[in-house]
Every structure is written in C-alpha cells, then in structure tokens.
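# only geometry, no sequence info:
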C-alpha cells in the first residue's frame, strides 16, 4: 500500500504540478518499493500467489481512497499569480509593556515610519511585539491597502521609500528591514533606556 500510494502521489505530481520536482517524493517511492521487494524475497512463488489477491485489493483500495480525496478537494490555482487576496485586518492580542508604550511614543515623536503588508507574518509578529495598545500609535503605512492580486501596485509611499520587504522601518533616514527587537529599535532611534 505504501508503494501504491507513492506511485499515485508521483502521478499527481507529474500531472497536476507539471514542471515541479520533489526529491522527498522520489525518495519515498524508492524506499517504499525497496521495502516491498525486500518483503517479497522471503516468500516462495506459491506463497506470493496466495497473497497477491490481497495485495491487489489493498492497492486498489489505496488508489480509490486517494483518488476520491483528491478529486473532492478544492482546486488550487495553477499559478500563484492568480491568487486574489482581499485586504483584512488582524487583531493584535498581546498586551503592551510599559517599555513598548514609551518606545512607541518616542518613535511617533521623531517621525519614525513603519511599512508593512497585511498578509505578511513578519509584520504581524512585529506588531505583536509591541502589543495591542501600542500598535495603534505607530506611524504605519500599509503597502497594499486594497488587497493583493496580480498586477496590484504597491502603495506610492512604499514604492517611493524603496520598500522591498516587510516590515521595514525608516528611522532618521536609516532603513531597517525585517522584524526588529524593541531594544534594536530603541538603539537605532536614540531612545534613552532608563
């Protein structure tokens, strides 16, 4: 049944995901067939003939189950460029620390800008670091305010700032890309940690 599953998955890989390769899938198929042939070498021809019907039944059952589960699943876009992602907001659930609150007020007072994209997990993690109360104080620019789909242009303010990844911080002309520790933001902005 493992060998039959591997063959079926390789069939799906070659027909549904043309041009894609999966070294783990090929290795799995190789190991499955190796185990199949190792178990068969200890049997004599008469013993194999006795169980071949059971083996064919199991293979048929596996293929039937996999085929029905794959055919009932939602179709995937053939190309990631076809994805349409409407804008959504995510609730920040972590509480803000006194340090995060003080730092956010400082960042706001010196005009620090944070650029992000609603769909980016790193942007979300950065806002979670600050907490729910502070997230509202940050001078934040959403680079895809109308959602994302093929051909969507990045917000002009983000394009003008040369933003390529999220989140991106602009602090006194210095550009910091990716999630930043609060202490790193404090140091880059000249925040006096007391």
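Received, thanks. These figures come from a predicted structure and were not determined experimentally. Residues are numbered from 1 along each chain as shown.
# only C-alpha atoms from now on, for both contacts and neighbour counts.
Noted.
# how close does the residue nearest in space to the middle of the chain sit to residue 110?
Among the residues of the chain, the one closest to the centroid is residue 121, at 8.2 Å (CA atoms, centre = their mean). To residue 110, residue 121 is 26 Å away according to CA to CA, to the nearest Å.
# now stretch 174-181: buried residues?
When burial is assessed from 16 or more other CA atoms under 10 Å, stretch 174-181 yields the following buried residues: 175-177, 179-180.
# quick one: it to chain centroid distance?
20 Å (CA atoms, centre = their mean, to the nearest Å).
# stretch 151-167 too?
Relative to the centre of its chain, stretch 151-167 is centred 20 Å away, using CA atoms, centre = their mean.
# in stretch 179-190, what counts as buried?
Counting neighbours by 16+ other CA under 10 Å, stretch 179-190 gives 179-180, 182, 185-186, 189 as buried.
# just give me how far that stretch sits from the chain centre.
Distance, centroid of stretch 179-190 to centroid of chain: 26 Å (CA atoms, centre = their mean).
# same check on stretch 169-178?
In terms of CA atoms, centre = their mean, the centre of stretch 169-178 is set 25 Å apart from its chain centre.
# ends of it, how far apart?
8 Å.
# which residues does it contact?
Counting by CA atoms under 8 Å, 6 or more residues apart in numbering, stretch 169-178 makes contact with 110-115, 122-123, 165-168, 188-189, all of which sit outside it.
# now the residues you listed as TSV including distance to residue 148, pLDDT and secondary structure?
Putting the contacts of stretch 169-178 into TSV (distance: CA to CA, whole Å; pLDDT from 0 to 100; DSSP: H, G, I helix; E, B strand; the rest coil) gives the following:
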residue	distance to residue 148	pLDDT	secondary structure
110	31	94	coil
111	28	93	coil
112	25	93	coil
113	22	93	strand
114	19	92	strand
115	16	93	strand
122	17	90	helix
123	16	88	helix
165	15	87	coil
166	15	90	coil
167	16	93	coil
168	18	93	strand
188	31	93	helix
189	32	93	helix
